[in-house]
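[1] pasted the sequence and its predicted model underneath.
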Amino acid sequence: MVQYKLYYFNARGRAELIRFIFAAAGQEYEDVRFEREQWPEYKPKSPLGQAPYLDVVENGQTFQLAQSLTIARYLARKFNLAGKSAEEQSEAEMYADQVLDLLNELVKIHFEKDETRKAEVANKFYTESIPNTLKVFESKIAKNGSGYLVASGLTWADLFLVDFLGWLREKKDSFLSNVPAVKALDQKVLNHPKLSEWIAKRPKTEL
């Protein structure tokens, strides 16, 4: 029997996509959370000295991975959420990388200390980066007919997109008002029985 242990701070952050994948797959795992002051205890145990990291224990052997998207790709392939062909897998990775670009922009805004610079970057992010990406996603979803980013069905790229949209909080509805296919995908994923169960019971955290 394979055992999975996910290590991350007590936050959604970079680990929530991984938790979404576990939830959508119906796969049990140990969600190991720690506070910032506990990080020095866990850091030496991570293969890259970073969080999140994953331990996969099977037959007494432990396989470790770090880097959130590397872990996500690995689990997506394990749980049939990566796409049905090499082409679809590449498509899913392309869309996930695009979502990661948005997430990284959002993180930069959050940590920018210069208020003038922060306002400039935020304005570009909310008026250009997000609308432009969602417009591309809208066209793709509407064209392929499955209701998802990849034609064969749900992939980890959809989960990542929905996870990211959740970070927009009160701004989310305004962004989705002009992209009905993206909005429908968002609702479909959020209504996934196993995923909705996870969202309802997950720890409430600021980040």
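    Noted; the coordinates are in hand.

[2] can you give me the strands for this structure?
    Counting by DSSP state E, one finds strands in the chain at the ranges 3-9, 30-34, 53-58, 61-66.

[3] so which of those strands is nearest residue 204?
    Residue 204 lies closest, by CB to CB, to one member of the strands of the chain: strand 30-34, at 12.5 Å. Every residue, glycine included, has its C-beta placed from N, CA and C.

[4] kindly calculate the angle that the closest one makes with strand 53-58.
    Compare the direction of strand 30-34 with that of strand 53-58 by axes from the mean of the first three to the mean of the last three CA atoms, to 10 degrees and you get 150 degrees.

[5] strand 30-34 vs strand 3-9, what angle?
    Using the same axes, to 10 degrees, the interaxial angle of strand 30-34 with respect to strand 3-9 works out to 20 degrees.

[6] could I get the buried residue list for strand 30-34?
    residue 31 (16 or more other CB atoms under 10 Å).

[7] gap between it and the chain center?
    In this view, strand 30-34 has its centroid 17 Å away from the chain centroid, taken as CA atoms, centre = their mean, to the nearest Å.

[8] name the strands paired with that strand and say parallel or antiparallel.
    For strand 30-34, the paired strands and their directions (DSSP bridges) read strand 3-9 (parallel).

[9] residues contacting the partner strand, please?
    Strand 3-9 is contacted from outside by 14-15, 18-19, 22, 27-36, 39, 42, 45-46, 51-58, 71, using CB atoms under 8 Å, 6 or more residues apart in numbering.

[10] let's go with 10 Å and repeat that
    When contacts are defined by CB atoms under 10 Å, 6 or more residues apart in numbering, strand 3-9 is touched by residues 14-16, 18-19, 22, 27-36, 38-39, 42-43, 45-46, 51-58, 62, 64, 66, 68, 71, 75, 78, 205, 207.

[11] closest to residue 176 out of the strands of the chain?
    Distances from residue 176 to each of the strands of the chain were compared by CB to CB, and the smallest falls on strand 3-9, at 27.8 Å.

[12] and the angle for that closest one with strand 61-66?
    30 degrees.

[13] pLDDT averaged over strand 3-9 - what is it?
    Taken as a whole, strand 3-9 has a mean pLDDT of 99.

[14] could you do stretch 85-98 as well?
    If you average the pLDDT over stretch 85-98, you get 98.

[15] and stretch 122-137, by the same measure?
    Per-region confidence: stretch 122-137 scores 97 on mean pLDDT.

[16] equivalent analysis for stretch 13-32, please.
    The pLDDT scores in stretch 13-32 average 98.

[17] which parts of the protein are helices?
    Under the criterion DSSP state H, the chain carries helices at the ranges 16-25, 39-42, 68-78, 86-111, 115-124, 130-144, 156-166, 172-176, 180-190, 193-201.
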